[in-house]
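**Student:** Quick one: sequence and predicted model below, then my questions.
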Amino acid sequence: MSAALLEVDGLRMHFFTRAGVVKAVDDVSFEVARGEVLGLVGESGSGKSITGYSIMGLVDPPGRVVAGNILFDGVHLTALPAEDMRHFRGNRVAMIFQDPMMSLNPVLRIDTQMVEAILAHENVSRSAALERAREALTRVGIPSAAERLRGYPHQFSGGMRQRVAIARALITRPQVLLMDEPFGALDEITREHMNQELLRIWEATGTTILFVTHSSPEAVFLSDRVLVLGARPGRVKLDLPVRLPRPRDPAVKETVEFARHTADLRRALAGESRPE
Ligand SMILES: Nc1ncnc2c1ncn2[C@@H]1O[C@H](COP(=O)(O)OP(=O)(O)OP(=O)(O)O)[C@@H](O)[C@H]1O
Ligand SMILES: [Mg+2]
């Protein structure tokens, strides 16, 4: 058996629209080793989100996985019955969506959503779960967390909502975390803070992470390896091992290696964006 925790092998995911077939993902293969952080970059429309949805089994018509296998710990996800797939989504893997409102329920208070997520996985008291929820919100930089917990998603700014979604995903302690451009809505200082926080969580838990970002420096800073997806059709264009030491310190951004990796990614991305 392979050492990879997650394997995507020859994935093709197409949309059968009235205007024709959109090959959102067309023969994408990669492996994510246990405890690895794999960065995923690529121009808009190159299939990054659809790759994440395919792993989660969240592809709806007119979209369909037309070929390929997705394996988690050697188990074929593509062949799992719907009930087992729901269990996998609830327990083994969590996805933080590009749009935080897709990760949160708009009609439930934040405390309800977070406490229910904990109670669905663990046998702890409601008050212990509430305390964990408060700590998790504080850790992602939300002030007056006890008070904010009683709010609804629409009462938060976009960036704060994304941080709540991240806190909610992390309290369930998933084995694999799929993060789809999670820090895109954050200001630069908060984004920096969240990068550090994610590294700290990764070092403490060894969670396997697939991290989508539009920022080459961010991909290099966080990842052990970065894949570049290219559009027309969605395929892996570059598989770049990141040779930087762990634990990763912000000072690494000043090094020649960091600049070289970032330049390699930018070159691969620029090669993609030729006008039609
Ligand atoms: N429901 C849909 N129907 C038809 N085509 C779709 C649908 N959803 C996505 N696509 C197409 O699939 C392709 C890949 O989309 P995807 O959302 O994965 O891109 P992305 O790499 O995540 O882009 P971005 O960086 O903008 O988030 C795009 O060409 C998109 O237009
Ligand atoms: Mg996307």
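**Tutor:** Received it, and whenever you're ready, just let me know what you need. Ligands and ions are numbered 1, 2, ... in the order given.
**Student:** Enumerate the residues of the stretch 1-150 of the chain near ligand 2.
**Tutor:** 48-49, 98 (C-beta under 5 Å from the ion). In this view, the C-beta of every residue, glycine as well, is placed from N, C-alpha and C.
**Student:** Now do the helices in the stretch 1-150 of the chain.
**Tutor:** For the stretch 1-150 of the chain, the helices defined by DSSP state H, counting those that start in this stretch cover 48-56, 82-91, 110-121, 126-139, 145-148.
**Student:** Likewise for the stretch 151-276 of the chain?
**Tutor:** Counting by DSSP H, counting those that start in this stretch, one finds helices in the stretch 151-276 of the chain at the ranges 158-170, 188-205, 216-222, 256-270.
**Student:** Quick one: the ones you listed as JSON lines, columns for mean pLDDT, mean neighbour count and distance to residue 232 too.
**Tutor:** Output for the helices of the stretch 151-276 of the chain, formatted as JSON lines (pLDDT from 0 to 100; neighbours: other C-beta atoms under 10 Å; distance: least, C-beta to C-beta, whole Å):
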{"stretch": "helix 158-170", "mean pLDDT": "89", "mean neighbour count": "23", "distance to residue 232": "29"}
{"stretch": "helix 188-205", "mean pLDDT": "89", "mean neighbour count": "16", "distance to residue 232": "30"}
{"stretch": "helix 216-222", "mean pLDDT": "97", "mean neighbour count": "23", "distance to residue 232": "20"}
{"stretch": "helix 256-270", "mean pLDDT": "96", "mean neighbour count": "16", "distance to residue 232": "14"}
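**Student:** quick one, which of the ones you listed is nearest to residue 40?
**Tutor:** Closest approach to residue 40 among the helices of the stretch 151-276 of the chain (C-beta to C-beta): helix 216-222, 7.9 Å.
**Student:** that older thread, export the helices of the stretch 1-150 of the chain as a markdown table, with columns for mean pLDDT.
**Tutor:** Shown next, in a markdown table, are the helices of the stretch 1-150 of the chain (pLDDT from 0 to 100):
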| stretch | mean pLDDT |
| --- | --- |
| helix 48-56 | 94 |
| helix 82-91 | 87 |
| helix 110-121 | 92 |
| helix 126-139 | 94 |
| helix 145-148 | 95 |
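**Student:** which of these is buried the deepest?
**Tutor:** Among those, helix 48-56 has the highest mean neighbour count (mean count of other C-beta atoms under 10 Å), at a mean of 23.
**Student:** helices or strands next to that helix in the packing?
**Tutor:** When contacts are defined as 3 or more C-beta pairs under 8 Å, 6 or more residues apart in numbering; DSSP states H and E, helix 48-56 sits against strand 4-17, strand 20-33, strand 37-42, strand 63-72, strand 93-96, strand 176-180, strand 208-212.
**Student:** Highest mean neighbour count out of these?
**Tutor:** When the helices and strands packed on helix 48-56 are compared using mean count of other C-beta under 10 Å, strand 37-42 is most buried, at a mean of 26.
**Student:** any idea how far ligand 1 is from the residue of the stretch 151-276 of the chain found nearest ligand 2?
**Tutor:** Going by C-beta to the ion, ligand 2 is nearest to residue 180 of the stretch 151-276 of the chain, at 5.8 Å. Plainly put, residue 180 is 7 Å away from ligand 1 if you go by C-beta to the nearest ligand atom, to the nearest Å.
**Student:** which residues touch that residue?
**Tutor:** Neighbouring residues of residue 180 by C-beta atoms under 8 Å, 6 or more residues apart in numbering: 48-49, 52, 95-98, 212.
**Student:** Which members of those are the farthest-apart pair?
**Tutor:** 48 and 96 (13.1 Å).
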